[in-house]
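Visitor: Sequence plus predicted model, see below.
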Amino acid sequence: MLSDIIKNILTIDKRNLKENTRPMISELKERLNSNFDLLEETNNVDISKNNGFKLDLNIINNIFTNVLKEPFTYGDVTVSFKDDEKKIIYGKEIFDVGNVIVINEGNFYVTLELLLRNLLAGNTTIFVNYGYMFGSNNFLINEIESILKNYDISQNLFQIYVTEDYDEVLSYNANIDLIVCIGNKFLQNMILRKSKVRTIITGYDNFDLYIESKVNLDFLNEILKTGLNINLYIKDDLNLNHSKAMLVHDINEAISQINYTGNRYSAAIFTSNSLNASKFINEVKSKIITINTSPTIERILDIKQTELMNEKIVIYPLSFNFDNSGVKINLNEIS
């Protein structure tokens, strides 16, 4: 039950996280590589149930590489100096945001990246989804739980809760510090409307595609066959039939519709008109824009590490002692 999960996360001791986040991330990478055959077996079960896609070890390793490039970790001191005249220590230290709820469909790559980023930030994280790729995601959670246990850190740091009852999830707002919502415009608007805490939204893996000229039609058909979440807009005089397409009169209507109903993640235009291409780039509010190229070519989870962290300014007198407090800004670290 969600009430039990919430109860468990409120008592987690995070002191051992400060020195061990990067070693744990490296160990998880090693485990997923050495046990990828077992992950593949679980992944194949998901696929056989039409509940997932085939995982690529190269993509998994790239996620680890990108996350480990982040400069700061939970507990790091980013600025520190001593002011002898004012007799104070001034510093900035990275603290956790707290308890994070991640709402998404269950894409394994999203679960992995946000698990790593929240581990780097020191956050307790509950992944809420409707069970997509459940076996693959559960394999990942079991691996990190085993690692957390070895480092004497609560295995409740990362958990999965399967539900589509978002009202139930949001009812625990008093114990939630941040919600990360990944999904289409409908889900984004619903969560934003009901959330009472800070909320990050992204349309990751939801795409908008406008066709105004018959260029690269074979390529377009291949894109549409991928099964990805693509909102399709077609200029009404092209006589292109697609059951899920919205017909628009011109570039202006296409841009208006994409900005109003689109996911604001990645949008593409297929056109032979360079002026319309420029207009599309300038006016569409999506974070990624492609011209005569698949909108799926650049699939980056557009959540910054700093959004998952809390940098605090800490000021205290020279005479104050933080021994055994957990605060890292102290005289011994200041040159």
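Guide: Nice, I can see it. Numbering: from 1, shown residues only.
Visitor: what's the helix or strand hosting residue 252 in contact with?
Guide: If you go by DSSP states H and E, residue 252 is part of helix 251-261. By C-beta atoms under 8 Å, 6 or more residues apart in numbering, the surrounding residues in contact with helix 251-261 are 185, 208, 210, 212, 231, 233, 235, 246, 248, 267, 269, 273, 276, 279-280, 283-286. For every residue, glycine as well, the C-beta is placed using N, CA and C.
Visitor: Now, these that are in helices?
Guide: Within the contacts of helix 251-261, residues falling in helices by DSSP state H are 185, 276, 279, 280, 283.
Visitor: and which of those is nearest residue 164?
Guide: The closest of the ones in helices among the contacts of helix 251-261 to residue 164 turns out to be residue 185 (C-beta to C-beta; 17.4 Å).
Visitor: and the closest one, how many neighbours does it have?
Guide: 18 (other C-beta atoms under 10 Å).
Visitor: Test my guess that it contacts residue 262.
Guide: Yes: between residue 185 and residue 262 there is a contact at 6.5 Å, judged by C-beta atoms under 8 Å.
Visitor: which neighbours do the two share?
Guide: Common neighbours of residue 185 and residue 262 (C-beta under 8 Å, 6+ apart) are residue 203.
Visitor: Check residue 300 and give its pLDDT.
Guide: The model reports residue 300 with a pLDDT of 82.
Visitor: Can you tell me the closest non-neighbouring residue to it?
Guide: residue 288 (7.6 Å; C-beta to C-beta, 6 or more residues apart in numbering).
Visitor: What subset of the contacts of helix 251-261 is buried?
Guide: By neighbour count, with 16 or more other C-beta atoms under 10 Å, these hold 185, 208, 210, 212, 231, 233, 235, 246, 248, 267, 269, 276, 279-280, 284, 286 as buried.
Visitor: any chance you could map the strands in the protein?
Guide: 77-83, 88-96, 99-103, 124-129, 158-162, 178-182, 198-202, 206-211, 229-235, 245-248, 266-270, 288-291, 309-317 (DSSP state E).
Visitor: Take those strands and write them to CSV, including mean pLDDT and distance to residue 218.
Guide: Shown next, in CSV, are the strands of the chain (pLDDT from 0 to 100; distance: least, C-beta to C-beta, whole Å):
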stretch, mean pLDDT, distance to residue 218
strand 77-83, 84, 51
strand 88-96, 90, 49
strand 99-103, 97, 37
strand 124-129, 97, 35
strand 158-162, 96, 39
strand 178-182, 96, 31
strand 198-202, 95, 31
strand 206-211, 92, 13
strand 229-235, 91, 16
strand 245-248, 92, 17
strand 266-270, 93, 12
strand 288-291, 93, 17
strand 309-317, 91, 45
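Visitor: out of those, nearest to residue 47?
Guide: Proximity to residue 47, assessed across the strands of the chain by C-beta to C-beta, is greatest for strand 124-129 (17.0 Å).
Visitor: Summarise which helices and strands the closest one is packed against.
Guide: Here strand 124-129 touches helix 2-9, strand 99-103, helix 108-121, strand 158-162, going by 3 or more C-beta pairs under 8 Å, 6 or more residues apart in numbering; DSSP states H and E.
Visitor: Sheet partners, orientation included, of that strand?
Guide: Strand 124-129 sits in its sheet next to strand 99-103 (parallel), strand 158-162 (parallel), going by DSSP bridges.
Visitor: gap between it and the chain center?
Guide: 11 Å (C-alpha atoms, centre = their mean, to the nearest Å).
Visitor: Name the surrounding residues that touch it.
Guide: 5, 9, 12, 96, 98-106, 111, 114-115, 118, 137, 156-163, 166, 169.
Visitor: Now with 7 Å, please.
Guide: Residues from elsewhere that reach strand 124-129 (C-beta atoms under 7 Å, 6 or more residues apart in numbering): 5, 9, 12, 99-106, 111, 114-115, 118, 157-163, 169.
Visitor: Stretch 160-172 too?
Guide: Outside stretch 160-172, the residues touching it (C-beta under 7 Å, 6+ apart) are 2, 5-6, 101, 103, 126-131, 134, 137-138, 141, 190-191, 194-195.
Visitor: confidence score at the nearest residue to residue 299 once chain neighbours are set aside?
Guide: Nearest residue to residue 299 in three dimensions, chain neighbours excluded: residue 205, at 6.7 Å (C-beta to C-beta, 6+ apart). According to the predicted model, the pLDDT of residue 205 comes to 85.
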